[in-house]
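>>> model the structure of this input:
(one chain, ligands or ions: 2)
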Amino acid sequence: MSYQVPRGTQDILPDQIHKWHALEDLIRQFCYVYDYKEIRTPIFEHTNVFKRGNDASDMVNKEMYTFTLENSSTSLTLRPEMTAGVVRSYVEHKLYGEADQPLKMYYVGPMCRHERPQKGRSRIFHQFGVEVIGAKHPLLDVETIALGWSFVSALGLKDMKVLINTLGDDASRDAYRAALKQHFAKDIDHMCADCKRRYEQNPLRILDCKVDKESAIMKTAPKMKDYLNEESKAYFEQVLAGLDALGIPYEIDDQLVRGLDYYTHTVFEVVSLNKEMGAQSTVFAGGRYDGMVKYFGGPQMSGIGWALGMERLILACEAEGIALGETESLDIYVLCLSPSVSVQALQIVSACRAAGYKSDMDYQERSFKAQFKTVDRKGVKAVILLGEDEVKANMVTIKRIADQKQVQVKQEEMISCLDGLFQEETTYDCKEGNCTCHHEE
Ligand code: ATP
Ligand code: MG
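Ligands and ions are numbered 1, 2, ... in the order given. Take a look at the predicted model:
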């Protein structure tokens, strides 16, 4: 029997991890300057955290990994998204009582959805997302979009577009829902099974249907914008004005309703226009939600958030030829000239590591030639040669690979000698005037 990962899941192997670290580092930098703090919630929650009332979304109805353990009646669900868990936590810990509102949070972690696996769609994937809870202002909507937009721009992505729409407030949405029901009433019997369910539960979601998307009845459907009351219109206009002020390009998409049921006012998707992304082109998406904090037992407070698919972001970067992070090299490799000196080699490696140099040695008693192949493969910057003669004389031989410069020093002087060699190397490697090194006149 052979063992394999479950369908729709994948391992992230050590030779790919530099991409993830590069993304995670940049995420932390961006959230730091925007003053968003990380929140970590459990990977599973009580099922009713995600399955709330009459939710018509596919994610809640078809894609959840829900389980009950033997001898237990508690139904648990692996999180398919983070917003519900974050709001649950915000209410459970009474974070609405903190002096500084809104609370600005971000998260990074795996989500699980039972979907048909394809390019850009898997059953365990990672999201970076933000949630800002406790204030409602159009410019906050703009701020969250700006965070995501500047993050993807900093990575170098260019083929991106913001699609934006408004779902208005409750009153506007009620009027629109009634109009949609009337519009679809005589055709609903011929529409797909999901649409029939949506018609009853939340007719807005019919507009998100991928099956009947091209049909005439869909194209002639009433538009949200014709049902917005003055307040909702004004809110949306301020969001657009904020995006204009920050120079963020957008397109109004009046068919955009988003996959989750809890949105009000602003909804948006940031999509990659690169052809290689195929149908899975949405990199991040989100919107404002008004009823969730109250639903979980807190006061009436509004929130806004989005989530970004990290695997999709990596695909978008690859499609645009953007390299993420660097495959790392090794500073120092201690070359053992004889297995009899391996304990001393270990002491030397430890001393180099303690001084902050990324260092390694051979643990397989390989030949000098084989050890040197590792030096080549790993892009080592300097080797320390250690044989019986060196050990007897309490010396080491240090060789800088770039220019083959070689020096013999006492072991006590090894670190200061390495410091000198590495310092010299950065000065000597850089293009003068185009670097941060100190250049002597
Ligand atoms: P889609 O319409 O593609 O199914 P969604 O509306 O279900 O997307 P959200 O719940 O808003 O997506 O999730 C936010 C982001 O997470 C998506 O824009 C996408 O980048 C990513 N994402 C969602 N589902 C998956 C998945 N199964 N595999 C990989 N990434 C995903
Ligand atoms: Mg989905």
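
>>> so residue 34 sits against residue 143, correct?
Yes - using Cβ atoms under 8 Å, residue 34 is in contact with residue 143, at 7.5 Å. Placement of C-beta: from N, CA and C, glycine included.

>>> what residues of whichever strand or helix holds residue 407 count as buried?
Element membership of residue 407, judged by DSSP states H and E, is strand 406-410. For strand 406-410, burial by neighbour count (16 or more other Cβ atoms under 10 Å) applies to residue 409.

>>> packing partners for it?
Here strand 406-410 touches strand 395-400, helix 414-429, going by 3 or more Cβ pairs under 8 Å, 6 or more residues apart in numbering; DSSP states H and E.

>>> output it as PDB - backbone C-alpha positions only.
Below are the C-alpha coordinates for strand 406-410, written out as PDB (Å, rounded to 0.1, in the frame of the first residue of the first chain):
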ATOM      1  CA  GLN A 406      42.600  31.800   2.000                       C
ATOM      2  CA  VAL A 407      43.900  32.600   5.500                       C
ATOM      3  CA  GLN A 408      45.100  30.500   8.400                       C
ATOM      4  CA  VAL A 409      44.200  31.800  11.900                       C
ATOM      5  CA  LYS A 410      44.200  30.600  15.500                       C
END
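
>>> any idea of the mean pLDDT for it?
Averaging pLDDT along strand 406-410 yields 95.

>>> what bridges to the closest residue to ligand 1 within the chain?
Closest contact between the chain and ligand 1, by Cβ to the nearest ligand atom, is at residue 309 (2.4 Å). In this entry, residue 309 is beta-bridged to residue 127, by DSSP bridges.

>>> next, the angle helix 414-429 makes with the strand holding residue 407.
160 degrees (axes from the mean of the first three to the mean of the last three Cα atoms, to 10 degrees).

>>> what residues are up against the residue nearest the centre of the chain?
The chain has residue 128 as the residue nearest its centroid, 3.2 Å off, counting by Cα atoms, centre = their mean. Contacts were defined as Cβ atoms under 8 Å, 6 or more residues apart in numbering; by that measure residue 128 touches 23, 27, 106, 107, 108, 307, 308, 310.

>>> possible to save these as a markdown table with distance to residue 199 and neighbour count?
Below are those laid out as a markdown table (distance: Cβ to Cβ, whole Å; neighbours: other Cβ atoms under 10 Å):
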| residue | distance to residue 199 | neighbour count |
| --- | --- | --- |
| 23 | 40 | 22 |
| 27 | 40 | 21 |
| 106 | 36 | 24 |
| 107 | 34 | 22 |
| 108 | 37 | 19 |
| 307 | 27 | 19 |
| 308 | 31 | 23 |
| 310 | 35 | 22 |
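
>>> circling back to that earlier point, gap between the residue nearest to the centre of the chain and residue 293?
Residue 128 sits 22 Å away from residue 293, going by Cβ to Cβ, to the nearest Å.

>>> residue numbers of the stretch 1-150 of the chain in contact with ligand 1?
59, 81, 113, 115, 120, 121, 122, 125, 127 (Cβ under 6 Å from any ligand atom).

>>> contact partners for the second one?
If I follow you right, that is residue 81. 50, 59, 111, 127, 260, 307.

>>> apply 10 Å and report the result again.
50, 57, 59-60, 63, 111-113, 127, 129, 259-260, 305, 307 (Cβ atoms under 10 Å, 6 or more residues apart in numbering).

>>> tally of neighbours for the residue of the chain closest to ligand 1?
23 (other Cβ atoms under 10 Å).

>>> I figured it hits residue 115, correct?
No - judged on Cβ atoms under 10 Å, residue 309 makes no contact with residue 115 at a distance of 12.0 Å.

>>> quick check: neighbours shared by those two?
121, 122, 125.

>>> tell me which of the residues you listed fall in helices.
Per DSSP state H, helices hold no members of those.

>>> generate a markdown table for those, with neighbour count and pLDDT as supplementary columns.
Output for those, formatted as a markdown table (neighbours: other Cβ atoms under 10 Å; pLDDT from 0 to 100):
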| residue | neighbour count | pLDDT |
| --- | --- | --- |
| 121 | 17 | 96 |
| 122 | 20 | 97 |
| 125 | 19 | 98 |
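
>>> residue 104 in helix, strand or coil?
strand (DSSP: H, G, I helix; E, B strand; the rest coil).

>>> to clarify, my last question referred to residue 176.
helix.

>>> contacting residues around it?
Contacts of residue 176 by Cβ under 10 Å, 6+ apart are 167, 168, 203, 204, 222, 223, 224, 225, 226, 227, 228.

>>> which residues does the last one contact?
Residues in contact with residue 228 (Cβ under 10 Å, 6+ apart) are 166-169, 171-173, 175-176, 234-236, 265.

>>> quick one: buried ones out of the contacts of residue 176?
167, 168, 203, 204, 224, 225, 227, 228.

>>> ok, the residues you listed vs residue 244, which is closest?
residue 225 (18.2 Å; Cβ to Cβ).

>>> so that closest one belongs to a helix, correct?
Yes - under three-state DSSP, residue 225 sits within a helix.

>>> check which residues of stretch 281-296 are buried.
281-293, 296.

>>> how long is it end to end?
Its first and final residues considered, stretch 281-296 spans 32 Å by Cα to Cα, to the nearest Å.

>>> no further queries at this time; thank you.
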